[in-house]
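> Sequence and computational prediction follow.
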Amino acid sequence: MSDVALAIARLRSEGLELRIVGGRLKVDPSDLISAETDAWLRAHAREVKSLLADEQQKHGLPHPNTTPVPDIFFDQIAPQLTERELRVMLYVIRRTYGFKKREDAISLTQFAEGIVTQDGKRLDRGAGVNRRSVIRAVQSLERQGLLEAVRITSCEHGNQASRYRLVLSG
């Protein structure tokens, strides 16, 4: 086993999860990374990403459960979207159609970082884009008439998770 593979195994044994998002190396939970580990990961990012890609190819994807996606999305809409728009749309599709809902409340943090339960179980990783990209994608998708967002605010709690609904026809 190479030194990099051993280091990855050590990091995983410490509860860190390494993955590739948008071509960049991500480590969760990021607040547990020491400065020394962060520097090592930056210096060895290419090798780490290569090993992670090899692992994914070797192990493949798990047996699928499904989220229904209308054919029009794949045939007409997806090819016209930017990467961040596509990621946001897929996340909304998962959070709505995947749970048999017409709409769902999704916070900016959920889009950007995913959902972790109070007991620390990670339910998803979000859309895999940063907060600024989520905001831009949502605005663009609204302009295109593909997504409706209802922003929710209250005097007591301020800004809350907006409710999102897909607008697909055909």
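Arrived safely, thanks for sending. Numbering: from 1, shown residues only.
> alpha carbons only for contacts and neighbour counts from here, please
Noted.
> And the helices in this structure?
3-13, 35-43, 45-59, 71-72, 83-96, 108-113, 131-143 (DSSP state H).
> Could you check the pLDDT of T96?
As predicted, T96 sits at a pLDDT of 93.
> List the residues that contact it.
102-104, 165 (CA atoms under 8 Å, 6 or more residues apart in numbering).
> same thing with L168?
Contacts of L168 (CA under 8 Å, 6+ apart): 72-73, 146.
> out of the contacts of T96, who's nearest W40?
Within these, the smallest distance to W40 is 39.8 Å, found for D104 (CA to CA).
> Can you spell out the domain ranges of this protein, please?
3-59, 71-166 (automatic domain parsing).
> Would you identify the least confidently predicted of these, using mean pLDDT?
Of all the domains of the chain, domain 3-59 has the smallest average pLDDT, which comes to a mean of 78.
> Point out the most buried one among the domains of the chain.
domain 71-166 (a mean of 16; mean count of other CA atoms under 10 Å).
> for that domain, the distance to its chain's centre please.
Relative to the chain's own centre, domain 71-166 is displaced by 10 Å; criterion: CA atoms, centre = their mean, to the nearest Å.
> again with stretch 39-57
19 Å.
> Send me it as PDB with only the CA atoms.
Taking Å, rounded to 0.1, in the frame of the first residue of the first chain, the C-alpha atoms of stretch 39-57 are listed here in PDB:
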ATOM      1  CA  ALA A  39      -1.100  21.200   4.300                       C
ATOM      2  CA  TRP A  40      -0.400  17.600   3.500                       C
ATOM      3  CA  LEU A  41      -3.700  17.200   1.600                       C
ATOM      4  CA  ARG A  42      -2.900  20.300  -0.400                       C
ATOM      5  CA  ALA A  43       0.600  19.000  -1.200                       C
ATOM      6  CA  HIS A  44      -0.700  15.500  -2.200                       C
ATOM      7  CA  ALA A  45      -4.100  16.500  -3.700                       C
ATOM      8  CA  ARG A  46      -3.300  15.100  -7.100                       C
ATOM      9  CA  GLU A  47      -2.400  11.600  -5.700                       C
ATOM     10  CA  VAL A  48      -5.300  11.600  -3.300                       C
ATOM     11  CA  LYS A  49      -7.800  12.500  -6.000                       C
ATOM     12  CA  SER A  50      -6.400   9.800  -8.300                       C
ATOM     13  CA  LEU A  51      -6.700   7.100  -5.500                       C
ATOM     14  CA  LEU A  52     -10.300   8.200  -4.700                       C
ATOM     15  CA  ALA A  53     -11.200   8.000  -8.400                       C
ATOM     16  CA  ASP A  54      -9.700   4.600  -8.700                       C
ATOM     17  CA  GLU A  55     -11.700   3.400  -5.600                       C
ATOM     18  CA  GLN A  56     -14.900   4.700  -7.100                       C
ATOM     19  CA  GLN A  57     -14.200   2.900 -10.400                       C
END
